[in-house]
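A.B. asks: the following comprises the amino acid sequence and a computationally predicted model.
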Amino acid sequence: MGSKIIITTRNKDVVGMMGSGSVNVGTLSSEASWDLFKRHSLENRDPKEHPELEEVGKQIAGKCKGLPLALKTLAGFLSSKSEVDEWTNALRSEIWELPRRPNGILPALMLSYNDLPAHLKQCFAYCAIYSKDYQFCKEQVIHLWIANGLVQPLHSGNQYFNELRSRSLFERVPEPSERDGGKFLMHDLVNDLAQIASSKLCVRLEECQGSHMLEQSRHMSYSMGGGGDFEKLKPLSKSKQLRTLLPISIQYLYRPKLHKRLLLNILPRLKSLRALSLPGYEIVELPDALFIKLKLLRFLDLSRTKITKLPDSICALYNLETLLLSSCDDLEELSLQMEKLINLRHLDISNTSLLKMPLHLSKLKSLQVQVGAKFLHGGPCGWRMEDLGEARYFYGSLSILELQNVVDRREALKAKMREESC
């Protein structure tokens, strides 16, 4: 039978490069456009009970010229509006008269964007940091929003994300597995809109033109690559106001290496950083200078690295709220002074190996720990069973080894295992 590959593109040059037959996909008919618009804008409401909305809605759908993304996006923001005047204002908006791109979709997206409240505009603009077609996790986006002061409590972050998704600004990536809550992406035209909204505060390193962009940027992403990251990231020394540094992972068969000079000389200069993400790098040891200089850091992702121990200098990060260490296979112990991280709210140690837990971690009363790890009981001088009893926010599975180090029955009872939320 053989295999067949279907490629979709809006670029005619790509069609020519493929050297095979092509099928031009037309726009939706008026009837199909209204059906799609109606499904997303009226949702659980019966159109027959709102004839005035149906009349205006059909005119709005007609302005979208059969483009599904425009229809879904406009319908998404009108779904929360029940007054005819609100729908009429959308129909008569001056945005429809703005200079159009060849596909005519930008005015429709701008109309939806302009309707966003200020807090959602900020969160949406921040997502310009992601490259086109990049699949991101909901949880990561929310943690980055929080680290940069765009969102306060975690539940608000979920609400903000879901509101943007309801407007079709974020799309769910179909996956056979629901692991990690699924992946999302932005349509490339929505990504263009985010770029405009961010006013070049969110940039991708490969697209920076001139040192002035590096100096102005606040949030930056870059493509992880073999061994060339030092030369690529060397210009970062000019980004004194940078608050987010995010590698965009490309699937490699090996772990990319991060040059020591980056850890020692470049990253410590970024004293305004709030979010630093280094997952997947072959990092074995972290220099003390890195954490001593980055005192404003709130989010640190070291997942899937080769570190064996967190240095005590990490406890200088008094503002740290999120620490991700998932799938650090060689990690054996955390810093002995973890209780000094007084603002730590989220610690992910899932899928780690045999881990020695520090004493007094339970003093961090607001800490949520994502486990899925094996803890080693530390004996008289280390982590004890009773510390587990004082911790109220463990999630996932938990194994405790070296139980011969439990002093007596009373210590075991203080663990209150039946009351834990694992």
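C.D. replies: Great, that's in hand.
A.B. asks: how is this structure carved up into domains?
C.D. replies: The record's domain parsing of the chain by automatic domain parsing lists 30-101, 118-192, 274-419.
A.B. asks: any chance of those domains in JSON lines with mean pLDDT and mean neighbour count as columns?
C.D. replies: C-betas here are computed from N, CA, C, even on glycine. Output for the domains of the chain, formatted as JSON lines (pLDDT from 0 to 100; neighbours: other Cβ atoms under 10 Å):
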{"stretch": "domain 30-101", "mean pLDDT": "83", "mean neighbour count": "16"}
{"stretch": "domain 118-192", "mean pLDDT": "87", "mean neighbour count": "17"}
{"stretch": "domain 274-419", "mean pLDDT": "75", "mean neighbour count": "18"}
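A.B. asks: so the residue nearest to residue 157 when sequence neighbours are not counted is in which element?
C.D. replies: Nearest residue to residue 157, sequence neighbours excluded (Cβ to Cβ, 6 or more residues apart in numbering): residue 142, at 3.5 Å. Using DSSP states H and E, residue 142 maps to helix 138-147.
A.B. asks: return the following helix or strand past that helix as CSV; C-alpha atoms alone will do.
C.D. replies: Next helix or strand after helix 138-147 toward the C-terminus (DSSP H and E): helix 154-166. What follows is helix 154-166, C-alpha atoms only, in CSV (Å, rounded to 0.1, in the frame of the first residue of the first chain):
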residue,chain,number,x,y,z
LEU,A,154,-3.0,30.2,40.3
HIS,A,155,-6.8,29.9,39.9
SER,A,156,-7.0,33.3,38.1
GLY,A,157,-4.3,32.0,35.7
ASN,A,158,-6.5,29.1,34.8
GLN,A,159,-9.5,31.4,34.3
TYR,A,160,-7.4,33.8,32.1
PHE,A,161,-6.2,30.9,30.0
ASN,A,162,-9.6,29.5,29.5
GLU,A,163,-11.0,32.9,28.5
LEU,A,164,-8.4,33.3,25.8
ARG,A,165,-9.1,29.8,24.6
SER,A,166,-12.8,30.4,24.5
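A.B. asks: dump the domains of the chain to JSON lines, plus distance to residue 247.
C.D. replies: Putting these into JSON lines (distance: least, Cβ to Cβ, whole Å) gives the following:
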{"stretch": "domain 30-101", "distance to residue 247": "28"}
{"stretch": "domain 118-192", "distance to residue 247": "11"}
{"stretch": "domain 274-419", "distance to residue 247": "6"}
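A.B. asks: out of everything not next to it in sequence, what's closest to residue 314?
C.D. replies: Nearest to residue 314 is residue 291, by Cβ to Cβ, 6+ apart, at 5.0 Å.
A.B. asks: show me the contacts for that neighbour.
C.D. replies: 297, 311, 313, 314, 316, 317 (Cβ atoms under 8 Å, 6 or more residues apart in numbering).
A.B. asks: residue 123 too?
C.D. replies: Going by Cβ under 8 Å, 6+ apart, the list of residues near residue 123 reads 145, 150, 151, 160, 161, 164.
A.B. asks: wait, doesn't the first one sit right on residue 160?
C.D. replies: Read that as residue 145. Yes. Using Cβ atoms under 8 Å, residue 145 makes contact with residue 160 at a distance of 7.2 Å.
A.B. asks: which residues are in contact with both of the two?
C.D. replies: 123, 151.
A.B. asks: from the contacts of residue 291, which two are the most distant?
C.D. replies: 297 and 311 (14.1 Å; Cβ to Cβ).
A.B. asks: still on that earlier bit, so which of the domains of the chain is nearest residue 229?
C.D. replies: The nearest among these, by Cβ to Cβ, is domain 274-419 at 8.5 Å.
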